[in-house]
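Asks: build me a structure from this.
(2 chains)
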Amino acid sequence: MNRTRALLAMVVTMLVITAAVGLTPVARAADPIRIGLGMALTGGLSANGKPALLAMQIWKDEVNKKGGLLGRPVELIFYDDQTNPATVPGIYTKLLDVDKVDLVVSGYGTNLIAPLMPIAIERKLTVLGIFGLANNEKYQYPNYFQISPTGPDPATSTAIPFFELAAKQTPKPQTVAIVGADAEYPQTALVGAREVIKRFGFKTVYDKTYPPSTVDYTPIVRAIKATNADIVFVASYPPDSVGMLRAAHEVGLQPKIFGGGMVGLQFTTIMQSMGSKLNGIVNYDYWVPEKTMMFPGITEFFKEYQPRATKEGVDTLGYYLPPYAYAAMQVLGDAVTATKGLDQQKIADYIRSNEFNTIVGKVKFGKNGEWAKGRTLMVQYQKVQDGNIEQFRQPGKKPVLYPDELKSGTIVYPYSAALK
Amino acid sequence: MFSWDLLANAVVAGLLLGGFYAAVSLGISLIFGLLDIANIAQPAFVIVGSYAAYVLHDAYGFDPILTGILLTPVFYLLGALVYRIYYASFERRGDEALRGLVFFFGLLFIIEVSLSIKYGVDYRLVQTGYLSRSIDLGGVGIAFRYLVPCLIGVAMTAALYLFLGRTFYGRAIMAVSQDQAALRLMGADPIHIKTIAFGIGIAAASLAGALLISIAPVIPSTDRDYIGRMFAITVLGGMGSIAGTLVAAMILGVVESLMATFFGPSWSLAVSFGILLAALAVRPAGLFGR
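Replies: From the prediction side, this is the model:
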């Protein structure tokens, strides 16, 4: 009898305690907060997907060392999307329904974020997008936030700084050749470039696209050379960026200003293998080791990232995507801490209305979940030597030319002068 | 925008590209064209060749093309082993049609993932002094990184052509492709002959991979870009025709180059495959097929 009473008393006590905290099931302190994502760990985008995942794991490790979020450890649950958009719906459905994740972040890249958007909207998820270009233009979903600093008009984010810089040069260039791959990002970038070219009054003399599986770029570069364009704007993915650059050197293409939206020239292995061929190229970038870019926490991040990246065989320097992937997690973590919970809507509302201090600087989201003010850099490769990776750790090899508030060097103009 | 200068450059660039395509496609021409084995993992072996050239260049400074040549015996043995597994698991049981295809599809993914795990997914490229040069011959620019692969592709084609036509084993491979039972009646072991042929096909991938990484950056999944082209060249040239492979590769190279120069590069592949379809409509066995 006594035992029955004691048991009854315990049940009553527990019920009272439960009622006191709002009658909602409370996660135990030891229950981890699960953050789920699909990531390109194999396939065409894996060269960026793996470093991005590593950056997120570093964030998770650091947060857990400090006691986790809301006193709970953080766990990352991830699957390889194989750079295949068709895998994304299945991955996120599993993450939500089987793994029961509390929060999600996107995989890397526009094509892999696109299939996540309908799921996020249907389930009212808050989504941190990792380097998607204009994924939310169509949906205008209020709970989507994108971490790359392309700004409110992603389509023109590369073209505006590039052509604005070109327009300031003396003598002012007049004619433009634009070329890019038949793929999502280059197509968007070319649409933006056409708009900006009109705005600045340049004359287009070449405007073509090529299939991403092109092997020989010399015929394309030779055709561009025949137009004698002053400006050559290229929107390309890593293999084509290398192909175009090598072909330009072989054919002797020397416009007054050359570059723009060439993805891949920011990657360690490509910078190392292309070496001095990079000199003179004016290209977009998101982070470079210049004094103007040393935001609080960034040095410590690279101190942790670079040895781990070398060990794991991913982008050794990691200047392009990893700091932003880490920053996305910082935003999410700060929002969880500030809202003291995992309510998707409260987290989204908080992210939308606050500014965040991250390792890539202050981040404030605006229209369509993009950065309220764009911060795409234009840098120029200067005095780069062959086969030396260490040189890229120092300032001066890729000075920032744009925007003015982050400027750390001056352009060498025309392109041919930088080749000397 | 037409000029004779551009035309000459486009044709030469196309021929050089075609020579490289021939080098990449010879293995599949031998394995698929002659042995009728749908080895869709062949491009993955080419990428293994690329990584072998990269690793030895990176670690010891070995010339990539020399590495490609020196590693051909290793690739030959690897090819022989793969064929024996394929034979024991599928061909002997008569299951090769669909299950064999799945086997090679699986092999392609295993190779791709293994390379990703071992070497990461960064773009790898090998540059050597002589491959970075280019020369100008009367206004026609020739880049060495295309000239060397082209010459090697032509040499590989000639060597394989002579081997198949003039040696005992070569003729035996031709025979096994035509009538396996008849070859057995002559006292030769068709499985042994097919093992040799498959081994040679994979050995060609060693050199082709070294040429590929000298031309363009490579990641483990680059193989997918080449599957379509390799099979298209083999079919266009005529199943089992080694000379046809070279001619078809040159045609595709020149068409791609001309389209890229004069009409817009976007059309390059579409027109190339259009030519393939048109050629097959007129000659279903391919240009040199029997």
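Asks: and whichever strand or helix holds A:Ala325, what does it pack onto?
Replies: Using DSSP states H and E, A:Ala325 sits in helix A:322-339. Helices and strands touching helix A:322-339, by 3 or more C-beta pairs under 8 Å, 6 or more residues apart in numbering or on different chains; DSSP states H and E, are strand A:33-39, helix A:46-65, strand A:103-108, strand A:127-130, helix A:298-312, helix A:344-353, strand A:355-358. No exception for glycine: its C-beta is placed from N, CA and C like everyone else's.
Asks: listing partners with orientation, what would you give for the following helix or strand past the last one?
Replies: Spelled out, that is strand A:355-358. Counting by DSSP H and E, the element after strand A:355-358 in chain order, helix or strand, is strand A:361-364. Here strand A:361-364 is paired, per DSSP bridges, with strand A:355-358 (antiparallel).
Asks: can you give the contact residues for the strand it pairs with?
Replies: Identification of contacts with strand A:355-358 by C-beta atoms under 8 Å, 6 or more residues apart in numbering or on different chains yields A:Phe295, A:Pro296, A:Gly297, A:Tyr326, A:Ala327, A:Gln330, A:Val331, A:Asp334, A:Lys362, A:Val363, A:Lys364.
Asks: what's the neighbour count on the fourth one?
Replies: For A:Tyr326, the number of neighbouring residues by other C-beta atoms under 10 Å in any protein chain shown comes to 27.
Asks: nearest spatial neighbour of it, chain-adjacent residues omitted?
Replies: Among residues not flanking A:Tyr326 along the chain, A:Ala55 sits closest, at 4.2 Å (C-beta to C-beta, 6 or more residues apart in numbering or on different chains).
Asks: can you get me a residue count around that neighbour?
Replies: For A:Ala55, using other C-beta under 10 Å, the count is 28.
Asks: same deal with A:Lys168?
Replies: The tally of other residues near A:Lys168 (other C-beta under 10 Å) stands at 12.
Asks: now do it, the pLDDT please.
Replies: The model reports A:Lys168 with a pLDDT of 94.
Asks: and for the residue of the stretch 101-250 of chain B found nearest chain A, nearest residue in space, chain neighbours not counted?
Replies: Here the stretch 101-250 of chain B gets closest to chain A at one residue, B:Gly120, 2.9 Å apart by C-beta to the nearest C-beta. Sequence neighbours aside, A:Gly313 is the residue nearest to B:Gly120 in space, at 2.9 Å (criterion: C-beta to C-beta, 6+ apart).
Asks: what's near enough to touch the one you found?
Replies: Contacts of A:Gly313 by C-beta under 8 Å, 6+ apart are B:Lys118, B:Tyr119, B:Gly120, B:Val121, B:Asp122.
Asks: please enumerate the strands of the stretch 151-300 of chain A.
Replies: Ranges of strands within the stretch 151-300 of chain A are A:175-181, A:203-210, A:231-236, A:257-262, A:282-285, based on DSSP state E, counting those that start in this stretch.
Asks: of all the ones you listed, which one comes closest to chain B?
Replies: It's strand A:203-210; of the strands of the stretch 151-300 of chain A, that one is closest to chain B (C-beta to the nearest C-beta) at 3.4 Å.
Asks: got the contact list for the closest one?
Replies: Contacts of strand A:203-210 with the rest of the structure, by C-beta under 8 Å, 6+ apart, involve A:174-182, A:186-187, A:190, A:194, A:197, A:217, A:220, A:223-224, A:227-229, A:240, B:260, B:264-266, B:268.
Asks: number of residues surrounding residue 100?
Replies: Answering for chain A, as no chain was given. Neighbours of A:Lys100 (other C-beta under 10 Å): 10.
Asks: please refer instead to chain B.
Replies: 18.
Asks: kindly report the same for B:Pro73.
Replies: When neighbours are counted by other C-beta under 10 Å, B:Pro73 comes out with 12.
Asks: how about residue 214, what does it touch?
Replies: As the question left the chain open, I've gone with chain A. With contact taken as C-beta under 8 Å, 6+ apart, A:Thr214 is in contact with A:Ala181, A:Ile220, A:Asp240, A:Gly243, B:Glu256, B:Ala260, B:Pro265, B:Ser268.
Asks: could you do chain B instead?
Replies: Counting by C-beta under 8 Å, 6+ apart, B:Ser214 makes contact with B:Ala53, B:Pro64, B:Ile65, B:Val126, B:Gln127, B:Thr128, B:Leu131, B:Arg145, B:Val148, B:Pro149.
Asks: could you list the buried residues of the helix or strand harbouring it?
Replies: Applying DSSP H and E as the criterion places B:Ser214 in helix B:190-215. Residues of helix B:190-215 classed as buried by neighbour count (16 or more other C-beta atoms under 10 Å in any protein chain shown): B:190-191, B:193-215.
Asks: give me the pLDDT value at residue 201.
Replies: Using chain A here. 94.
Asks: nope, chain B
Replies: pLDDT, read off for B:Gly201, is 96.
Asks: same check, this time on A:Val16
Replies: 45.
Asks: what of B:Leu137?
Replies: 89.
Asks: smallest gap between the stretch 201-350 of chain A and chain B, at which residue?
Replies: A:Gly313 (2.9 Å).
Asks: for that residue, phi and psi?
Replies: Backbone torsions of A:Gly313, given as degrees, to the nearest 10, read phi 70, psi 30.
Asks: and the gap between the spatially most central residue of chain A and A:Tyr286?
Replies: Closest residue to the average C-alpha location of chain A: A:Phe131 at 3.4 Å, with C-alpha atoms, centre = their mean. Distance, A:Phe131 to A:Tyr286, by C-beta to C-beta, to the nearest Å: 9 Å.
Asks: ok, now how distant is the residue nearest to the centre of chain A from chain B?
Replies: Relative to chain B, A:Phe131 is positioned 16 Å away (C-beta to the nearest C-beta, to the nearest Å).
Asks: who touches the nearest residue to that residue once chain neighbours are set aside in this structure?
Replies: Nearest non-adjacent residue to A:Phe131, counting by C-beta to C-beta, 6+ apart: A:Ser148, 4.5 Å away. If you count contacts by C-beta under 8 Å, 6+ apart, A:Ser148 has them with A:Ile130, A:Phe131, A:Gly132, A:Leu133, A:Tyr286, A:Tyr324, A:Trp371.
Asks: go with 7 Å
Replies: By C-beta atoms under 7 Å, 6 or more residues apart in numbering or on different chains, the contact list for A:Ser148 reads A:Phe131, A:Tyr286, A:Tyr324.
Asks: in a helix, it, correct?
Replies: No. Counting by DSSP: H, G, I helix; E, B strand; the rest coil, one finds A:Ser148 to be coil, located in no helix.
Asks: show me what contacts the nearest residue to A:Pro239 once chain neighbours are set aside?
Replies: Spatial nearest neighbour of A:Pro239, excluding adjacent residues (C-beta to C-beta, 6+ apart): B:Pro217 at 5.4 Å. Neighbouring residues of B:Pro217 by C-beta under 7 Å, 6+ apart: A:Pro238, A:Pro239, A:Val242, A:Ile270, B:Tyr123, B:Arg124, B:Leu125.
Asks: where's B:Pro217 relative to A:Thr218, distance?
Replies: 16 Å.
Asks: picking that back up, out of the contacts of B:Ser214, who has the most neighbours?
Replies: That'd be B:Ala53 among the contacts of B:Ser214, by other C-beta under 10 Å, with 29 neighbours.
Asks: returning to that earlier point: what's around the residue of the stretch 101-250 of chain B closest to chain A, how many residues?
Replies: Based on other C-beta under 10 Å, the number of other residues close to B:Gly120 is 21.
Asks: cool, the one 10 residues further on as well?
Replies: Number of residues near B:Tyr130 (other C-beta under 10 Å) recorded here: 10.
Asks: please consider this matter closed, and thank you.
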